[in-house]
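S.K.: quick one: sequence and predicted model below, then my questions.
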Amino acid sequence: MGQSIIRKANSSDIDALVELLTTLFTLETDFNSNTEFQKKGLFLMLERPKECCILVAEYNNKVIGMCTGQLLISTAVGGLKLLVEDVVVNSEHRGSGVGSKLLSKIQKWAISCGAKRMDLLADEDNTPALNFYSKQNWHTTKLIALQKKINETIY
């Protein structure tokens, strides 16, 4: 298998990114796939390049993976942190190093923005993802995620 390239996403990537998100949301039981919402969210991120980053992995001119992140202010570190929102690689390319490349590149972006920490949420039942993150030196914490839906009609 040849080399994949990692680059910043652009609006022409949206349909491929939505396909990847649909795959991801089948693995994460807390979310439902909704193409319209996914497109809106991706376009919002693209409109905010100083606060958000969408990276794509491309192989033979086809998007095969993605990673998104958003900068937030952390009072715990007294500065910026990056919330890694979506990490997904299509099934044919998992295990080939693409996910590692995506996380490494988004970490470099976070550092260039002055971020001091990165956080992410992962489905507790997605053992392959948890094992992958562990190999990438991510650590579990004592914190749990809580969520409150403030507009039930959108879900």
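M.R.: Perfect, I can see it now.

S.K.: I'd like the distance from the worst-scoring helix or strand of the chain on mean pLDDT to the chain centre, please.
M.R.: Counting by mean pLDDT, DSSP states H and E, the chain has its least confident helix or strand at helix 14-27, which shows a mean of 91. Relative to the centre of its chain, helix 14-27 is centred 11 Å away, using CA atoms, centre = their mean, to the nearest Å.

S.K.: ok, stretch 9-17 next?
M.R.: 14 Å.

S.K.: chain neighbours aside, what residue packs nearest to residue 80?
M.R.: Of all residues not flanking residue 80 in the chain, residue 115 sits nearest, at 4.4 Å (CB to CB, 6 or more residues apart in numbering). Every residue, glycine included, has its C-beta placed from N, CA and C.

S.K.: could you export the longest strand that the chain contains as CSV, CA atoms only?
M.R.: Ordering each strand of the chain by length in residues (DSSP state E) puts strand 62-74 first. Provided in CSV are the C-alpha atoms of strand 62-74 (Å, rounded to 0.1, in the frame of the first residue of the first chain):
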residue,chain,number,x,y,z
LYS,A,62,-9.6,9.6,-2.3
VAL,A,63,-10.4,10.7,1.3
ILE,A,64,-9.9,7.7,3.5
GLY,A,65,-9.8,9.3,7.0
MET,A,66,-10.4,12.4,9.0
CYS,A,67,-9.7,14.1,12.3
THR,A,68,-11.3,17.2,13.6
GLY,A,69,-10.4,19.4,16.5
GLN,A,70,-11.6,22.6,18.2
LEU,A,71,-9.7,24.9,20.5
LEU,A,72,-11.2,25.6,23.9
ILE,A,73,-10.0,27.5,26.9
SER,A,74,-9.0,25.3,29.9
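
S.K.: return the list of helices and strands in contact with that strand.
M.R.: Strand 62-74 sits against helix 14-27, helix 35-46, strand 52-59, strand 79-89, helix 98-112, with contacts defined as 3 or more CB pairs under 8 Å, 6 or more residues apart in numbering; DSSP states H and E.
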